[in-house]
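Engineer: Provided below are the primary sequence and the corresponding predicted coordinates.
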Amino acid sequence: MLLSGKGASLSVGGAAKVQVAQGPRPVVASPGLALAQPRRTICRSTNQGDLESVGSRTNATGELVKAVQGQVGAFTDGGNSSPTTLVANAAEASSKTSGTSDDKELKDAPKHLGWIPENSTLPPLQYTPLSNSEKAWTNFKLAFALPWRRFKKDAVLTFKLEGDINDQLQGRFSPGFSLPQICDALEKAAVDPRIKGIAVELSPLAIGWAKVQEIRRYIKLFRDSGKFTVCYMKVAGEKEYYLSTAFEEVYLAPSATLRLQGFSVAGTFLRGVLDKVGVEPQVQRIGEYKSAGDQLLRRDMSEAQKEQLGELLDDIYEHFMDTVADARGKTREDVAALLDRGVYDNEVFASEGWVDGLKYEDQITDDLKKRTGGKDDEVAKVGLSKYSRVSRSAFGLNGKKRIAVLRAGGAILGKAGGIGGASGSITPDAIIPKLRALAKDKKVAGVVLRVDSPGGDALASDLMWREIRKLAEKKPVVACMGDVAASGGYYMSMAAQAIVAQPLTITGSIGVVTGKFNLAELYDRVGYSKTLLSRGKFAEFLAADNRSFNDDEAALFEESAKFAYKSFRDKAAESRGLPVEEMQAVAQGRVWTGRRALTRKLVDAVGGLHEAVALVKQAAGIDQSEKVTLMEVSRTRTSPLALIGGLSGSVAIATHEKVFI
């Protein structure tokens, strides 16, 4: 919840704050402010190669023909021309006037504006070996690599995955690794002749399932190159074990803690606490499944909330069983039985084939010494930080044409504050200049908008939505969702021409919750008093935190919330090219996994960055086999002072009423 506005007004966004064991973050939603322009309504190419106007344009020739037809009798009585001749002449005259300019405008319009995504032809993410000529050229370039990019031949790429993994490239002072850094390194290492394998230690992860799925795909790509893949775990749960199954070899420390016991979800409710301290929440929730208000109004979980969270759990549970069973040569029943047994003895995991052995770290090191090209007493290795400096061009992975990747991660704020600037948040001031620069950059063929956000400020979401739409008029834009792209995150994504989500991405949440606190009883208990003087019927609408709404204020409060919801829903319907009734059925504040969102037309394809790039190629008319250069235009900025003081987070400063979605 976010306190803002005059007095103690409250703006609440999103679903009820819940914690899913090894699961995603809570989500929030945002209302729209204006109707979107229809999707793909500029022009389309006909089978005859002509361009015909669609959307809001009118057929000038047709209108003139109708006018002429209405006067056919008058012309034919006194002349030699037939009605057909007159109509033909009218059409010809029209084509020489207004039709000429319209045809030229349509002909000059970017071809991607008529594009309809076709996900059945997208190439899969897979390992592609270098050709003999590419290998020779790669070896030549590596021989003359800069000193800080060199390392011993027949080395193992080593790194540790733990905690939070940022979706954006990290700055110089930022700790840990980022998702693009990890995936890029694995793709390069798969074709790097100096790399013999990877050895990764997995520790508890603080990321959602969608990021885990993305990393797992690239580990599988590397494994398909035929090089060895080793995973080592000391403390792990379901999420870490799921990721480990992408490796060929999985080892546990003999005394490791591996807890595979299933998945759970919990909701927290504050109504009892608020009643005890004398605080009355006055909340308007629009959308049956919009559950953020439940946290303040209820003492238990609603049936609607149980329904949607139950479906999220089902999707995670089913995907976990299918993936683990396939990777470890088991059946779904075997995996389900493992979760229900509550195994704690690591010998059982090893003897039943859930892991490949129990080893201490020094034993893993001894094995790596034998596999790499170093001395007998050392491992020839390279760390991920150093390996990230190796250019993709060394392996011919880049192409002449450029596709920009703009990443937007965190809560959506009107303005970022605190030490570190916009780190960990999405703001118009940070995103809009980049969007405008990309629109002007003629070297960029298209844009992938990577969104990883639970939502936030409605105005900020709408301003960015507008700029994304304007960018999409100039060149193809495809949204690629991260762990969460719900509410304001979905608001931004739906501005793109196509949307890609991982099967377990959390998205949707098209709904509105808003409210304020009545603190009258609390004030009375502590001996605090407050007097308001006002002019105007609704001057105390949000300023009066020492009383409940009167009837007129309550009516205004309800109607304004309904208006905000209708704006958001209708804009979503227009953006996705759906009837309002169809969008209403999947809106109402409900969250969906990417897999379910696909069947409800909220997204266009299931996948990750690879699929998003393929769709941009499709829209831009670039052959799928042609290599392109991905240009990352986002990087997290972290102040060294913030790291010293532990103040790297951003805070929102609210000076007036805001709507959060």
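Structural biologist: Yep, it's here.

Engineer: From P123, how far out is Y242?
Structural biologist: For Y242, the distance to P123 (CB to CB, to the nearest Å) stands at 25 Å. Just so you know, the C-beta spots here come from the backbone N, C-alpha and C atoms, and that holds for glycine as well.

Engineer: which one of the two has more residues nearby?
Structural biologist: Y242 (23 against 12; other CB atoms under 10 Å).

Engineer: For that one, which non-adjacent residue is spatially closest?
Structural biologist: Among residues not flanking Y242 along the chain, F320 sits closest, at 5.8 Å (CB to CB, 6 or more residues apart in numbering).

Engineer: Please spell out which residues along the helix or strand hosting that neighbour are buried.
Structural biologist: Secondary structure assigned from DSSP states H and E places F320 in helix 303-328. Across helix 303-328, burial judged by 16 or more other CB atoms under 10 Å covers 304-305, 308-309, 312-313, 315-317, 319-321, 323-325, 327-328.

Engineer: before we move on, what about stretch 614-626?
Structural biologist: Residues of stretch 614-626 classed as buried: A614, L615, V616, K617, Q618, A619, A620, I622 (neighbour count, 16+ other CB under 10 Å).

Engineer: try stretch 377-384
Structural biologist: Neighbour counts using 16+ other CB under 10 Å place V379, A380, K381, V382, L384 of stretch 377-384 among the buried residues.

Engineer: list the contacts for the third one?
Structural biologist: The one in question is K381. Contact partners of K381, counting by CB atoms under 8 Å, 6 or more residues apart in numbering, are F151, A155, V156, L157, T158, A199, L368, T372, G374.

Engineer: between those residues, which is nearest E280?
Structural biologist: Of all the contacts of K381, E280 sits closest to T158, with 56.8 Å by CB to CB.

Engineer: Test my guess that the closest one contacts V382.
Structural biologist: Yes. Applying CB atoms under 8 Å as the test, T158 and V382 come out as touching, 7.4 Å apart.

Engineer: What average pLDDT does stretch 350-359 get?
Structural biologist: Computed over stretch 350-359, the mean pLDDT rounds to 97.

Engineer: first vs last residue of it, how far apart are they?
Structural biologist: Counting by CA to CA, to the nearest Å, you get 11 Å between the two ends of stretch 350-359.

Engineer: Kindly report the same for stretch 265-274.
Structural biologist: In stretch 265-274, first residue to last residue: 23 Å (CA to CA).

Engineer: likewise stretch 531-540?
Structural biologist: Across its full length, stretch 531-540 reaches 11 Å between end residues, using CA to CA.

Engineer: and it, how far from the chain's centre?
Structural biologist: In terms of CA atoms, centre = their mean, to the nearest Å, the centre of stretch 531-540 is set 43 Å apart from its chain centre.

Engineer: Renumber starting at 36 from here on
Structural biologist: Taking 36 as the first residue, the last one we looked at is stretch 566-575.

Engineer: which residues are contacting that stretch?
Structural biologist: For stretch 566-575, contacts defined as CB under 8 Å, 6+ apart pick out A578, A579, N581, D587, E588, L591.

Engineer: and these as TSV, adding distance to D492 and neighbour count?
Structural biologist: Shown next, in TSV, are the contacts of stretch 566-575 (distance: CB to CB, whole Å; neighbours: other CB atoms under 10 Å):
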residue	distance to D492	neighbour count
A578	21	18
A579	24	23
N581	27	20
D587	27	11
E588	23	18
L591	21	15
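
Engineer: Restricting to C-alpha, output stretch 368-375 in CSV.
Structural biologist: What follows is stretch 368-375, C-alpha atoms only, in CSV (Å, rounded to 0.1, in the frame of the first residue of the first chain):
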residue,chain,number,x,y,z
GLU,A,368,4.0,-39.8,-10.5
ASP,A,369,7.5,-40.2,-9.3
VAL,A,370,8.0,-36.5,-8.9
ALA,A,371,4.7,-36.1,-7.1
ALA,A,372,5.6,-38.9,-4.7
LEU,A,373,9.0,-37.3,-4.0
LEU,A,374,7.3,-34.1,-3.0
ASP,A,375,4.8,-35.9,-0.8
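
Engineer: in that stretch, what's buried?
Structural biologist: Buried residues in stretch 368-375, counted by 16+ other CB under 10 Å: D369, V370, L373, L374.

Engineer: And for stretch 573-584?
Structural biologist: Neighbour-count burial for stretch 573-584, counted by 16+ other CB under 10 Å, picks out E575, F576, L577, A578, A579, D580, N581, F584.

Engineer: Which phi and psi values does Y162 adopt?
Structural biologist: When read as degrees, to the nearest 10, the backbone of Y162 gives phi -70, psi 130.

Engineer: got the contact list for it?
Structural biologist: Applying CB under 8 Å, 6+ apart, we find Y162 in contact with A225, L256, F257, D259, S260.

Engineer: with the buried residues of stretch 368-375 in mind, which one is nearest to L165?
Structural biologist: Of all those, V370 has the smallest distance to L165: 37.1 Å, by CB to CB.

Engineer: which residues sit against the host helix or strand of the closest one?
Structural biologist: Assessed by DSSP H and E, V370 sits inside helix 367-376. Where contact means CB under 8 Å, 6+ apart, the residues beyond helix 367-376 that reach it are L295, Q296, G297, F355, M356, D357, V359, A360, W389.

Engineer: Would you check which pair of these lies furthest apart?
Structural biologist: Greatest spatial distance in these: Q296 and D357, 18.5 Å, computed using CB to CB.

Engineer: re the thing from before, got CSV for the buried residues of stretch 368-375, with pLDDT and distance to R630 too?
Structural biologist: As requested, these are exported to CSV (pLDDT from 0 to 100; distance: CB to CB, whole Å):
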residue, pLDDT, distance to R630
D369, 97, 23
V370, 97, 19
L373, 97, 23
L374, 97, 21
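
Engineer: Least confident of the buried residues of stretch 573-584?
Structural biologist: The pLDDT minimum for the buried residues of stretch 573-584 sits at L577, where the score is 87.

Engineer: Just to check, it is in contact with F552?
Structural biologist: No. Contact between L577 and F552 fails when scored by CB under 8 Å: they sit 10.6 Å apart.

Engineer: Tell me what the residue positioned nearest the centre of the chain is bridged to.
Structural biologist: The residue lying closest to the centre of the chain (CA atoms, centre = their mean) is M516, at 2.1 Å. Applying DSSP bridges to M516 gives these bridge partners: V486.

Engineer: residues touching it, list them.
Structural biologist: Residues in contact with M516 (CB under 8 Å, 6+ apart) are 245, 485-487, 524, 528, 534-537, 540, 542, 629, 638.

Engineer: can you rerun that using 6 Å?
Structural biologist: Applying CB atoms under 6 Å, 6 or more residues apart in numbering to M516 gives the contacts V486, A536, T540, T542.

Engineer: Scan the residues you listed and report the most crowded one.
Structural biologist: Highest neighbour count within those: T540, with 34 neighbours (other CB under 10 Å).

Engineer: Would you confirm that it contacts G629?
Structural biologist: Yes. If you go by CB atoms under 6 Å, T540 and G629 touch, sitting 3.8 Å apart.

Engineer: so how far is K510 from the residue nearest to the centre of the chain?
Structural biologist: Taking CB to CB, one finds M516 at 20 Å from K510.

Engineer: repeat for L332
Structural biologist: 46 Å.

Engineer: go on, G434?
Structural biologist: According to CB to CB, G434 and K510 sit 16 Å apart.

Engineer: For these two, indicate the residue with more neighbours.
Structural biologist: Shown here are G434 and K510; by other CB under 10 Å, K510 has more neighbours (23 against 15).
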